[in-house]
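**Q** here is the input, now give the coordinates:
(2 chains, ligands or ions: 2)
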2 protein chains.
Amino acid sequence: MSQTPAPSPAPAAINRLAIIGVGLIGGSLALSLRQAGYCREIVGAGRDRASLQQAQSLGVIDRFELDICAAVHGADMIVLATPVGAIESVCRALRGCLAESAVLTDVGSVKASVVDAVRIGLGHLPAGFVPAHPIAGRERSGVEAATADLYEGRRVILTPLPESDPQACQAVRRMWEVAGARVEDMPVDHHDEVLAATSHLPHLLAYTLVSSLSRLGEQEEIFRYAAGGFRDFTRIASSDPVMWRDICLHNKEAILGMFKHFARDLELLGEVIDAGDGDRLLSIFQRAKQTRDRFCERPDS
Amino acid sequence: MSQTPAPSPAPAAINRLAIIGVGLIGGSLALSLRQAGYCREIVGAGRDRASLQQAQSLGVIDRFELDICAAVHGADMIVLATPVGAIESVCRALRGCLAESAVLTDVGSVKASVVDAVRIGLGHLPAGFVPAHPIAGRERSGVEAATADLYEGRRVILTPLPESDPQACQAVRRMWEVAGARVEDMPVDHHDEVLAATSHLPHLLAYTLVSSLSRLGEQEEIFRYAAGGFRDFTRIASSDPVMWRDICLHNKEAILGMFKHFARDLELLGEVIDAGDGDRLLSIFQRAKQTRDRFCERPDS
Ligand SMILES: NC(=O)c1ccc[n+]([C@@H]2O[C@H](COP(=O)([O-])OP(=O)(O)OC[C@H]3O[C@@H](n4cnc5c(N)ncnc54)[C@H](OP(=O)(O)O)[C@@H]3O)[C@@H](O)[C@H]2O)c1
Ligand SMILES: NC(=O)c1ccc[n+]([C@@H]2O[C@H](COP(=O)([O-])OP(=O)(O)OC[C@H]3O[C@@H](n4cnc5c(N)ncnc54)[C@H](OP(=O)(O)O)[C@@H]3O)[C@@H](O)[C@H]2O)c1
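**A** Ligands and ions are numbered 1, 2, ... in the order given. Sure thing, here's the model as predicted:
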């Protein structure tokens, strides 16, 4: 048997990673890739020097640029991690300075409108662009909230476009896998509908519940008697208002569709309660409990 | 200075405690009072021998009776801890065997209809009856889920009636304080409205959300992409269906009132989304987040 030489350490797979918007999501990605030694250099960009300085001093990025073109210079991977509403203007600023070979991806909670924003901002959809959405997050935002393990075991949905270069898809997939995520593909519109159901609707229900109760006129008292279940239920109403404004503005159709579906179901439940139909109530609750227990308490969920 | 003899250990304040329905709520009360040495004897009663035997072998009760009259014989404190829908029949079974001096209380999540059920079941409202509701619970039910610390730091609402004897109120209050709870008084109807808002509405929204999504036709997939926020939000949809059927049947008016209020607010939010009014969305979400953070993240909440 001939002896093969010991493999030399793999070179960092990303040479220069540029993160535009170093907040919770972008910062956590940077931290986990850094921990894995997957990038030679991580450059941050944004509109606010103070928060980028903080990101640097927290060790999230190696250096930063306030000029977006400067930030992506020489980058082989560029991640757009600003709020969705800022993507178009960020891409406008990238016009003309995006290398042909660079892979471009994002982390936005909605996908169709991000694709539009990139197309409009850049003036075309580059083959290196692969939209992505990590299904992970927390109520706190900003780079202080970033952690290296945010994506550990979580799902990331890629919504590759007809224009997307397979190698770019592979690079984005690999990056998220290195961050600990399980990566899956999905068509853009399907993503937006699934997320309207499982994420956007619940967040908007939680916000509405808190608003609704706070207008009952006895705020202090109302919330005093809210038990643990209420706190769990409304936790997501502590999420970032800017992010949720943008999601509402950018996934309008799917969200309004889910509102209609839900409002009809709530009305039906009201009718069953009004009719005092105990058997029907029991079977509605039993089925919902079974579904929830089955899908949400699995170890891999 | 004359020497006073060392005080002898305080006698157990409750001689015989009878718990009708030894499940999560009744069982947890028994466990915490037992731990505090507050009862000389704890007797359980119910309709099912096996579950009472389990309660006994878990050390929750000293002994049990399947005959409710036998269970309350000689009891100075009787706690009705069955589902709300069973209170009337339990009280009917207690007719004629309730001692004049006994204190009677309950733990029902609704109060007006429990008061009616006691009045109808017993044929009158005894002076020893003090309705109560511990604002504590979990999604699991049954005596296996009972724990001695369930009420630690939680609120218990008493809704004393004009008929209620002040000494009985004091005894019920003291019992819950010994179990670790903070006890407050509230009028019956006010209780039912406050709880419709802070507990019943959120539970019914969570049940409805899960039902709604499960009818989208892609169940497996829909729930696959539900992240942590969704799990928190729907945790309460894993609650006991029997309990929630009974709550719906027994707090109909207040619940339907809250449904209307909420549905209107959701519709309004839909209109703001439809209009694409970003400023309005931002201010709605900001206010809700502030309210939620203020009331739900306080250490004493
Ligand atoms: N949070 C979640 O749970 C979650 C989950 C999945 C996906 N996402 C998506 O991830 C993205 C970022 O969310 P996040 O939670 O990370 O928010 P975040 O913590 O607030 O981070 C956003 C970052 O973008 C920067 N930024 C804002 N506007 C900008 C602009 N016009 N130009 C350049 N930089 C700008 C912010 O910095 P300054 O404000 O200091 O300028 C901040 O560093 C959003 O698209 C969201 O939909 C969020
Ligand atoms: N769970 C909560 O979060 C919570 C919070 C506050 C208040 N409460 C109130 O507490 C009460 C009990 O709830 P829980 O969560 O403790 O429910 P649970 O764990 O199911 O306990 C109910 C107990 O009542 C027994 N029971 C049921 N029907 C009966 C009948 N007809 N006659 C005699 N015993 C009967 C059950 O035993 P078998 O089924 O074995 O007969 C079981 O031991 C309800 O009124 C509820 O509104 C619950």
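**Q** the strands in chain A, which residues?
**A** In chain A, the strands defined using DSSP state E lie at A:14-20, A:39-45, A:63-65, A:77-80, A:103-106, A:129-130, A:132-135, A:155-158, A:182-185.
**Q** the fourth one: how far from the chain's middle?
**A** From the chain centre to the centre of strand A:77-80 is a distance of 14 Å (C-alpha atoms, centre = their mean, to the nearest Å).
**Q** quick one: residues in contact with that strand.
**A** A:14, A:16-21, A:26, A:29, A:39, A:72, A:87, A:90-91, A:94, A:98, A:102-108, A:114, A:118, A:171-172, A:175 (C-beta atoms under 8 Å, 6 or more residues apart in numbering or on different chains). All C-beta atoms are positioned from the backbone trio N, CA, C, and that covers glycine.
**Q** so which of the residues you listed reach ligand 1?
**A** A:20-21, A:26, A:90, A:107-108 (C-beta under 6 Å from any ligand atom).
**Q** who's in contact with residue A:230?
**A** With C-beta under 8 Å, 6+ apart, residue A:230 has these contacts: B:198-199, B:202, B:296.
**Q** hang on, the earlier thing: for the strands of chain A, which one sits closest to residue B:270?
**A** strand A:132-135 (23.6 Å; C-beta to C-beta).
**Q** can you give me the helices in chain A?
**A** Using DSSP state H, the helices of chain A run over A:24-35, A:49-57, A:68-72, A:87-94, A:112-122, A:166-178, A:188-195, A:201-214, A:219-224, A:228-234, A:241-250, A:252-275, A:278-296.
**Q** may I see the strands of chain A arranged in TSV, with mean pLDDT and mean neighbour count as well?
**A** As requested, the strands of chain A are arranged in TSV below (pLDDT from 0 to 100; neighbours: other C-beta atoms under 10 Å in any protein chain shown):
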stretch	mean pLDDT	mean neighbour count
strand A:14-20	98	24
strand A:39-45	98	23
strand A:63-65	98	17
strand A:77-80	98	26
strand A:103-106	98	27
strand A:129-130	98	26
strand A:132-135	97	24
strand A:155-158	97	21
strand A:182-185	96	14
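**Q** nearest to residue A:229, of those?
**A** strand A:132-135 (23.9 Å).
**Q** so which elements touch the closest one?
**A** For strand A:132-135, the elements it packs on are strand A:155-158, helix A:166-178, judged by 3 or more C-beta pairs under 8 Å, 6 or more residues apart in numbering or on different chains; DSSP states H and E.
**Q** touching ligand 1 at all, it?
**A** Yes - Strand A:132-135 lies within reach of ligand 1 by C-beta under 6 Å from any ligand atom, at A:133-134.
**Q** how far off centre is that strand?
**A** 5 Å.
**Q** cool, and stretch A:57-77?
**A** 21 Å.
**Q** ends of that stretch, how far apart?
**A** 22 Å (C-alpha to C-alpha, to the nearest Å).
**Q** report the buried residues of that stretch.
**A** A:60-62, A:64-65, A:68, A:71-72, A:75-77 (16 or more other C-beta atoms under 10 Å in any protein chain shown).
**Q** for those residues, which one is nearest residue B:246?
**A** Using C-beta to C-beta, residue A:60 is the member of these that sits closest to residue B:246, with 51.8 Å.
**Q** which helices and strands sit right next to the helix or strand of chain A with the lowest mean pLDDT?
**A** None of the helices or strands of chain A scores lower by mean pLDDT, DSSP states H and E than helix A:219-224, at a mean of 76. With contacts taken as 3+ C-beta pairs under 8 Å, 6+ apart, helix A:219-224 sits against helix A:201-214, helix B:278-296.
**Q** residues contacting it, please?
**A** With C-beta under 8 Å, 6+ apart as the test, helix A:219-224 has contacts from A:213-214, A:216, B:155, B:194, B:197-198, B:291, B:295-296, B:301.
**Q** of those, buried ones?
**A** Buried subset of the contacts of helix A:219-224 (neighbour count, 16+ other C-beta under 10 Å): A:213-214, A:216, B:155, B:194, B:197-198, B:291, B:295-296.
**Q** what residue in the stretch 1-150 of chain A comes nearest to ligand 2?
**A** residue A:139 (24.5 Å; C-beta to the nearest ligand atom).
**Q** isn't that residue up against residue A:239?
**A** Yes - if you go by C-beta atoms under 8 Å, residue A:139 and residue A:239 touch, sitting 5.1 Å apart.
**Q** out of the helices and strands packed on strand A:132-135, which gets nearest to residue A:190?
**A** If we rank the helices and strands packed on strand A:132-135 by C-beta to C-beta, the stretch that ends up nearest is strand A:155-158, at 9.4 Å.
**Q** do the closest one and chain B meet?
**A** Yes - with C-beta under 8 Å from any C-beta of the partner chain as the criterion, chain B is reached by strand A:155-158 at A:155, A:157.
**Q** so what's the gap between that strand and the chain middle?
**A** Worked out by C-alpha atoms, centre = their mean, strand A:155-158 lies 9 Å from the chain centre.
**Q** per-domain residue ranges of chain A.
**A** In terms of domains, chain A is parsed into A:14-186, A:191-296 (source: automatic domain parsing).
**Q** residue of the stretch 201-301 of chain A nearest ligand 1, please.
**A** residue A:243 (5.0 Å).
**Q** mean pLDDT lowest where, among the domains of chain A?
**A** Lowest mean pLDDT within the domains of chain A: domain A:191-296, at a mean of 92.
**Q** of the ones next to ligand 1 among the contacts of strand A:77-80, buried ones?
**A** A:20-21, A:26, A:90, A:107-108.
**Q** distance of residue A:32 from residue A:79?
**A** Note on residue A:32: its distance to residue A:79, by C-beta to C-beta, to the nearest Å, is 12 Å.
**Q** swap in residue A:199?
**A** For residue A:199 relative to residue A:79 (C-beta to C-beta), the value is 20 Å.
**Q** share the number of residues neighbouring the residue nearest to residue A:51 when sequence neighbours are not counted, please.
**A** Excluding its sequence neighbours, the residue lying closest to residue A:51 (C-beta to C-beta, 6 or more residues apart in numbering or on different chains) is residue A:143, at 6.3 Å. When counting by other C-beta atoms under 10 Å in any protein chain shown, one arrives at 25 neighbours for residue A:143.
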